[in-house]
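*Asks:* sharing a model prediction with you, sequence too.
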2 protein chains.
Amino acid sequence: MERLMAGGISLLELSMEGIAQEAGVAKATVYRRWPNKEALLIDVVRRLEEPEPQPLGESFRGDMVTLLEFMRRRGLAKRSRWVLRSALSQMGSLPELRSLYHERVVNRRRDLIRQVVRRGVERGELRSDIDLDLLAEMLMAPMLVRTVLWEDAPLDDPGLSELIVDTVLQGVAAHPAAAG
Amino acid sequence: MERLMAGGISLLELSMEGIAQEAGVAKATVYRRWPNKEALLIDVVRRLEEPEPQPLGESFRGDMVTLLEFMRRRGLAKRSRWVLRSALSQMGSLPELRSLYHERVVNRRRDLIRQVVRRGVERGELRSDIDLDLLAEMLMAPMLVRTVLWEDAPLDDPGLSELIVDTVLQGVAAHPAAAG
């Protein structure tokens, strides 16, 4: 796969033929392993996604920073890995790939983050009148948007995860009492 | 275009031939107007995007709720409009469409939201030690993610925009003083 990147195939040219050519093997060899491009991309997505860290449950802040840091590092990897970028950009037109990715990656992360938020409320670290799902989304969404939608936004600051969590915890109103 | 939707062409079947057939015209008629599918989708995106409301500058909270409400309603329209969904899902493989959409829609909204955030800091409504770009992203991102990435997440609650703005203003820590 690394060779494919070096070979400079653009995202748009990904084809079974092109892959065979770049890898220096017969087309039949590629087709024997993967019947079509979608099957190939599904396989790639499965192999490249690492399991999420299991939050330790020490504190809301600590657990959430751990999860967001994981997402940030995965986001950087996605930006630089040609195959993953290609898979993401083609999801719109490959429904099986899209639902696999949602089930294996997106939904698992959403569940983990909701779990951490729920624990934060139970422990009294977070206000109990908040919308849990929305809060989980607010914490994840900036990282997600920077990874997938806005590739010009910075992801390489190792302090980004702490900044997101602290901003959401503290709020941004100059006079908190007047904000409600 | 409405006829196309009613005709039930799926997102994946969009082709110049299919469009001609559904519209009951000759293929040549479609090609005379748009040389290819990308040109057609660019035209559709141009026509369907309304101009954003210009924030009035009355208060950070009021302006931000206005902008987010606009994004929420556009998000609902995108989910239900077959042509826009199709355009979005094909952006990954149509670079000209992608960059047009970024320039005309995405970047303009980012700029507007940054403007409102900056004014909020200048007026002393927001803390002055915050990362302005990150804050703008945190406000927009949940709406964006619900529109484009998680079509199963609810967008139809008219109170969503206020909830997002108030949550970010007030923060979610149970004891704000201990949050930092």
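*Replies:* Yep, that arrived.

*Asks:* what about the residue of chain A found nearest chain B, distance to B:Leu169?
*Replies:* With Cβ to the nearest Cβ, the shortest gap between chain A and chain B falls at A:Gly171, namely 2.7 Å. C-beta: built from backbone N, CA, C; applies to glycine. From A:Gly171 across to B:Leu169, the span is 6 Å (Cβ to Cβ, to the nearest Å).

*Asks:* can you check A:Arg47 too?
*Replies:* Counting by Cβ to Cβ, the gap from A:Arg47 to B:Leu169 is 43 Å.

*Asks:* please apply the same query to A:Arg127.
*Replies:* 13 Å.

*Asks:* and these two? Which one has more around it.
*Replies:* Under the criterion of other Cβ atoms under 10 Å in any protein chain shown, the comparison of A:Arg127 against B:Leu169 puts B:Leu169 first, with 23 against 17.

*Asks:* the helix or strand containing the more buried one close to chain A?
*Replies:* Element membership for B:Leu169, per DSSP states H and E: helix B:160-170. Yes. Residues of helix B:160-170 are located near chain A by Cβ under 8 Å from any Cβ of the partner chain, namely B:Leu160, B:Leu163, B:Ile164, B:Asp166, B:Thr167, B:Val168, B:Leu169, B:Gln170.

*Asks:* check contacts around A:Asp133.
*Replies:* A:Arg114, B:Ala153 (Cβ atoms under 8 Å, 6 or more residues apart in numbering or on different chains).

*Asks:* try A:Met64
*Replies:* A:Pro55, A:Ile113, A:Val116, A:Val117, A:Gly120, A:Leu139, A:Ser161, A:Val165.

*Asks:* what is the nearest of the residues you listed to B:Arg74?
*Replies:* When the contacts of A:Met64 are compared for distance to B:Arg74 (Cβ to Cβ), A:Leu139 wins out at 23.6 Å.

*Asks:* quick one: that closest one is in a helix?
*Replies:* Yes. According to DSSP: H, G, I helix; E, B strand; the rest coil, A:Leu139 belongs to a helix.

*Asks:* buried residues, the longest helix anywhere in chain A. List them.
*Replies:* The helix spanning the most residues in chain A, taking DSSP state H as the definition, is helix A:60-80. Across helix A:60-80, burial judged by 16 or more other Cβ atoms under 10 Å in any protein chain shown covers A:60-61, A:63-72, A:74-75, A:78-79.

*Asks:* helix or strand next in line after it, which one?
*Replies:* In N-to-C order, the element after helix A:60-80 by DSSP H and E is helix A:82-90.

*Asks:* just checking, A:Glu69 touches A:Leu163?
*Replies:* No. Applying Cβ atoms under 8 Å as the test, A:Glu69 and A:Leu163 come out as separate, 11.5 Å apart.

*Asks:* in what helix or strand does A:Pro142 lie?
*Replies:* helix A:132-144.

*Asks:* check A:Ile19 too.
*Replies:* helix A:16-23.

*Asks:* got a list of contacts for stretch A:136-149?
*Replies:* A:64, A:68, A:71-72, A:74-75, A:78-79, A:88, A:109-110, A:113-114, A:117, A:153-155, A:160-161, A:164-165, A:168, B:106, B:134, B:137-138, B:140-142, B:144-146, B:148-149, B:153, B:164, B:167-168.

*Asks:* many thanks, have a good one.
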